[in-house]
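Novice: Below are the sequence and a predicted model for it; my questions follow.
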Amino acid sequence: MALANSLFLGILCIGGLVVLGILGWGIGLYNGLVKLKNIVDEAWSGIDVQLKRRYDLIPNLVETVKGYASHEKGTFEKIAELRTSAMSTQSVEKKGEIENQLTGALKSLFAVAENYPELKADSSFVNLQNELSGLEDEIQKARRYYNGTVRDFNTRIQVFPANLIAGMLGFSAREFFEADESERENVKVDFKEEKSE
């Protein structure tokens with residue numbers, strides 16, 4: 001009888017340890033997923049800060065160019081419309097699409113500026129252009145960091161056995177902040193010989 005009680009107690013202890021081990025593993029997995037989710041959220045916050053800085057700079061840039069090229073009303077309106085849309089959009093995918101369009105519109109604005117030598121020489125325009133260029137670099141850095149954290153998070157919730165727990169606890173894959181197709185294309189360089197007369 002004592003042997004049966006000892007055996008039963010031993011099995012109960014081993015069973016308890018297995019249950020505690022599984023529970024500990026589940027808690028560790030859950031905490032790891034929460035940590036990765038928070039890192040992704042923090043990375044998105046970094047992009048958001050840079051984008052807000054960009055949104056604050058755009059009206060000043062547009063006003064400066066308007067002073068020299070007031071007849072480019074369509075370009076100014078497009079930039080204002082895209083800026084407003086980007087500021088109000090919450091979806092990462094939709095914000096990425098609008099941001100890519102906004103980048104294209106800003107390139108058009110700088111193309112307009114090329115036609116006005118006085119504007120290109122204006123110190124406030126040059127300062128704004130340099131500040132925007134620096135912001136674009138910061139946005140690219142923040143985008144790379146965010147996409148790296150999204151990759152890590154998505155991988156973690158998609159591999160076995162974490163995918164079983166992640167699905168039950170409501171963790172779902174995050175969207176990447178994608179670059180526009182035009183940003184992925186190689187720059188085309190065309191050397192044309194000039195004809196001498």
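Specialist: That came through fine. Numbering: from 1, shown residues only.
Novice: wait, residue 114 sits on residue 120?
Specialist: Yes - counting by Cβ atoms under 8 Å, residue 114 does reach residue 120; the two are 7.1 Å apart. C-betas here are computed from N, CA, C, even on glycine.
Novice: How about residue 178, nearest residue that isn't a chain neighbour?
Specialist: Using Cβ to Cβ, 6 or more residues apart in numbering and skipping residues adjacent in sequence, the residue nearest residue 178 is residue 96, 5.0 Å away.
Novice: Could you point out the helix or strand that follows the helix or strand where that neighbour lies?
Specialist: Secondary structure from DSSP states H and E places residue 96 in helix 92-113. Heading C-terminal from helix 92-113, the first helix or strand you meet, by DSSP H and E, is helix 117-121.
Novice: so what does that next one touch, helix or strand wise?
Specialist: Counting contacts by 3 or more Cβ pairs under 8 Å, 6 or more residues apart in numbering; DSSP states H and E, helix 117-121 packs against no other helix or strand.
Novice: How far away from the center of its chain is it?
Specialist: 34 Å (Cα atoms, centre = their mean, to the nearest Å).
Novice: Now the element after that helix, going C-ward?
Specialist: helix 123-158.
Novice: What's the mean pLDDT across that next one?
Specialist: Average pLDDT, helix 123-158: 93.
Novice: between that helix and helix 92-113, how many degrees?
Specialist: 160 degrees (axes from the mean of the first three to the mean of the last three Cα atoms, to 10 degrees).
Novice: In the helix or strand following helix 123-158, which residues are buried?
Specialist: Past helix 123-158, further along toward the C-terminus, the next helix or strand under DSSP H and E is helix 162-168. By neighbour count on 16 or more other Cβ atoms under 10 Å, the buried set for helix 162-168 is 162, 166.
Novice: Show me what helix 162-168 packs onto, helices and strands only.
Specialist: Packing partners of helix 162-168 (3+ Cβ pairs under 8 Å, 6+ apart): helix 2-66, helix 123-158.
Novice: Which secondary structure elements does the first one sit against?
Specialist: I take that to be helix 2-66. So helix 2-66, by 3+ Cβ pairs under 8 Å, 6+ apart, packs with helix 73-88, helix 92-113, helix 123-158, helix 162-168.
Novice: CSV please, covering these and showing distance to residue 59.
Specialist: What follows is the helices and strands packed on helix 2-66, written out as CSV (distance: least, Cβ to Cβ, whole Å):
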stretch, distance to residue 59
helix 73-88, 8
helix 92-113, 12
helix 123-158, 10
helix 162-168, 43
